[in-house]
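This is a predicted model, with the sequence first.
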Amino acid sequence: MQKILLLPILALFSFSSFNQPYSDSSTTPFTEVSSPNLLKLTRHNFVDSVKRLYDHIGLASYDLDYNVFEQGIIGYHSLRNEGKVGKRNLITIIDFTKPSTEKRFYTIDLDEKKLKFHSLVAHGRTTGENLAKTFSNKPHSNASSLGFYVTGESYVGSKGYSLRLDGQEKQYNGNLRSRAVVIHSADYVSEDWIRRNGRIGRSQGCPALPVEINKSVINTIKNKTVIFAYYNEATYLKSSVYLDFERMIKGLESVLPQTAASI
């Protein structure tokens, strides 16, 4: 019977180029299984591979917490399993546990295995001052929304070059498009604003970006890439279907027989 490698994350990035041993010498990166068309995923090997990717990119040096990254990857695969993600393997993470004075917007290219953007980003007026504390999905709330979004189309509107967003979790962010929560540029998202005010400015719920990178970011992430707006809010973290590991694994395993032949 033909032996194949057990690859923890498929159709997204290949870990065959990771030749250096993982820091925990008790783990093995890949396991051979005796099956012609079956790859079995477990929490252990999934986490092992995500940790390798995290270390390879050097995300700790950019102060992105590993657990936030892992949750983002679980959600990414959950959305891809549902056919909601386009061809580009990108994930953007906004870590709202960080103050607005810190760079908390991360765009990660999972094919190139590198950080594309690391930037300041605004939160909504009613979400908090320098620290984000309160989130909402309600119309006219002027608050940021938690959870997983998928990017839509770019357009030029009242705030210049902008990007529409579609919330994927009805309870937490399903009103993004109707609320006109979009990515756009703002002069109040800058180091100069921080020096003068002790924080960046706040939006009406939009993840506003610095003027100088706004267009580049939008052109990179538009048209069905994933955004994960993270906050350590217990109710959300427990209830999000996109953070359900077992559900995500079942979705991946459904495509494994098709993928195995190409490995």
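That came through fine.

Y149 contacts L163, correct?
No - using Cβ atoms under 8 Å, Y149 is not in contact with L163; the gap is 10.3 Å. The C-beta positions use only the backbone N, C-alpha and C, and glycine is treated the same way.

Which parts of this protein are strands?
3-6, 31-34, 90-95, 105-109, 114-119, 147-157, 160-167, 182-183, 226-230 (DSSP state E).

so can I have CSV of those strands showing mean neighbour count?
Conversion of those to CSV gives the following (neighbours: other Cβ atoms under 10 Å):
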stretch, mean neighbour count
strand 3-6, 16
strand 31-34, 12
strand 90-95, 23
strand 105-109, 23
strand 114-119, 16
strand 147-157, 18
strand 160-167, 19
strand 182-183, 25
strand 226-230, 27
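
So which of these is nearest D244?
Nearest to D244, of all those, is strand 147-157, at 12.1 Å by Cβ to Cβ.

average pLDDT across the closest one?
Across strand 147-157, the average pLDDT comes to 98.

Strand 160-167 and that strand, what's the angle between them?
150 degrees (axes from the mean of the first three to the mean of the last three Cα atoms, to 10 degrees).

quick one: strands adjacent to strand 147-157?
strand 160-167 (antiparallel), strand 226-230 (antiparallel) (DSSP bridges).

Pull the residues that contact it.
With Cβ atoms under 8 Å, 6 or more residues apart in numbering as the contact definition, strand 147-157 has outside contacts at 75, 78-79, 84-85, 161-169, 172-173, 176-177, 182-184, 218-219, 221-229, 236, 240, 242.

need the contact list for I200.
With Cβ under 8 Å, 6+ apart, I200 has these contacts: 100-101, 120, 122, 188-190, 193-194.

what's the nearest residue to N81 if we skip its chain neighbours?
Distances taken as Cβ to Cβ, 6 or more residues apart in numbering place G251 nearest to N81, at 3.1 Å, with adjacent residues excluded.
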